[in-house]
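# Generate a structure from the sequence data that follows.
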Amino acid sequence: MKSALVAIASLAAAAPAAAQTAVEDPLLKETVTVAAGAAYVPSYVGSDDYLVVPAIGVRGSVSGFHFQFRGTQASVDLIRNSDPHAIDLQFGPVAAVNLNRTRAIRDPQVRALGELDTAIELGGYVGIAKTGIITSPYDTLSANITYTHDVAGAHDSYKITPAISYGTPLSRKAYVLVSGYADFVGRDYGDYYFTVTPAGSVASGLPAFSARRSGMLGWGATALVNLSLTGDLTHGLSMVGGGGYYRVGNRYARSPIVAIVGDRDQFYGGLGLAYTF
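Predicted structure coming up:
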């Protein structure tokens with residue numbers, strides 16, 4: 001799953017400029033937004049137990065270069081965007097920490113399978129975006145695809161995530177963002193997180209199951225709302241909230257950790273405060 005923490009920590013990603021001023025196009029302003037809050041997420045991908053966890057995010061634009069840190073993932077766009085109203089081509093590195101089943105596992109049978117190692121996933125992304133297409137000069141439609149590979153020897157495999165999003169200001173003080181995405185993973189990824197070995201079956205009481213195949217891990221959708229509390233969306237304090245849904249793919253949903261003691265339908269939500277400098 002594209003980590004629920006990443007999706008909810010988009011707290012920092014939903015506050016672009018809302019309207020043009022007479023002095024300066026706000027999309028040309030250099031800004032940094034810092035957000036912090038709490039998220040309600042499944043304890044692991046496919047779990048029916050939920051946790052409340054901290055969520056943080058940082059997003060900025062300096063000299064036409066965009067960067068963001070969302071939850072456990074960071075990325076930088078290395079293609080300078082000098083004209084925010086032109087087609088924006090995107091390319092840059094991505095680094096992520098995958099904490100799935102590394103801690104806070106509530107189900108006793110899944111916990112009996114043992115905690116997994118943390119995966120450090122490195123890669124990159126390419127994308128395209130256009131601002132000013134439907135509702136105003138400041139709405140944005142974007143699409144991108146991200147590839148990462150574990151370099152820490154945990155699952156030692158890859159994940160590919162295509163995504164599409166649309167965001168639009170409702171006023172100078174309100175902004176909404178909706179997105180959809182899917183995750184495709186390598187066979188070692190599925191094996192690491194969803195297989196129940198014969199030894200694991202004895203320890204947990206769950207039936208043995210092999211998930212050593214590549215395919216679509218799942219798909220999801222998110223919606224976020226940003227409301228300015230002081231100033232407007234280009235500067236000051238704001239409140240950000242949102243939620244999402246994720247459905248584990250058929251192949252991995254048949255794993256006992258999902259089908260027997262979990263749920264393929266995943267829900268998550270979050271609420272926090274953000275400040276734009």
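# my guess is A211 contacts G186, does it?
No. Using C-beta atoms under 8 Å as the test, A211 is too far from G186 to be in contact (11.5 Å). Every C-beta, even on glycine, is put in place using the N, C-alpha and C of the backbone.
# Listing request: residues of the stretch 1-150 of the chain with sub-threshold pLDDT.
Along the stretch 1-150 of the chain, the model assigns pLDDT under 70 to residues 1-28.
# 90 - rerun?
Applying pLDDT under 90 to the stretch 1-150 of the chain picks out residues 1-31, 61-65, 70-71, 80-86, 135-138.
# could you pull out the helices for it?
Here the stretch 1-150 of the chain has its helices, by DSSP state H, counting those that start in this stretch, at 4-8, 108-112.
# In the last one, which residues are buried?
Meaning helix 108-112. Neighbour-count burial for helix 108-112 flags Q109, V110, R111 (criterion: 16 or more other C-beta atoms under 10 Å).
# residues making contact with that helix?
Contacting residues not belonging to helix 108-112 are listed as Y44, S47, R101, I105, G200, A203, S204, G205, L206, I257, V261, G262 [C-beta atoms under 8 Å, 6 or more residues apart in numbering].
# For PyMOL, write the selection for the buried entries among those residues.
Selection command for PyMOL covering only the buried members of these, criterion 16+ other C-beta under 10 Å:
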select buried, resi 44+47+101+105+200+204+206+257+261+262
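# now the contacts of helix 108-112 as TSV including distance to T31?
What follows is the contacts of helix 108-112, written out as TSV (distance: C-beta to C-beta, whole Å):
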residue	distance to T31
Y44	35
S47	36
R101	37
I105	39
G200	48
A203	51
S204	49
G205	53
L206	49
I257	42
V261	45
G262	40
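# which one of the contacts of helix 108-112 is nearest A221?
Proximity of the contacts of helix 108-112 to A221 (C-beta to C-beta) peaks at S47, which lies at 19.0 Å.
# Give me the contacts around stretch 119-127.
Against stretch 119-127 from outside (C-beta under 8 Å, 6+ apart): 75, 89-98, 100, 142-152, 154-155, 158-159.
# Please repeat the previous calculation with a cut-off of 7 Å.
Applying C-beta atoms under 7 Å, 6 or more residues apart in numbering, the contact partners of stretch 119-127 are 75, 90-98, 142-152, 154-155, 159.
# out of those residues, which are buried?
Among the contacts of stretch 119-127, the ones that count as buried by 16+ other C-beta under 10 Å are 75, 90, 92, 94-98, 142, 144, 146-150, 154-155, 159.
# Of the residues you listed, which belong to strands?
Of the positions in the buried ones among the contacts of stretch 119-127, 75, 90, 92, 94-98, 142, 144, 146-150, 159 sit in strands, assigned by DSSP state E.
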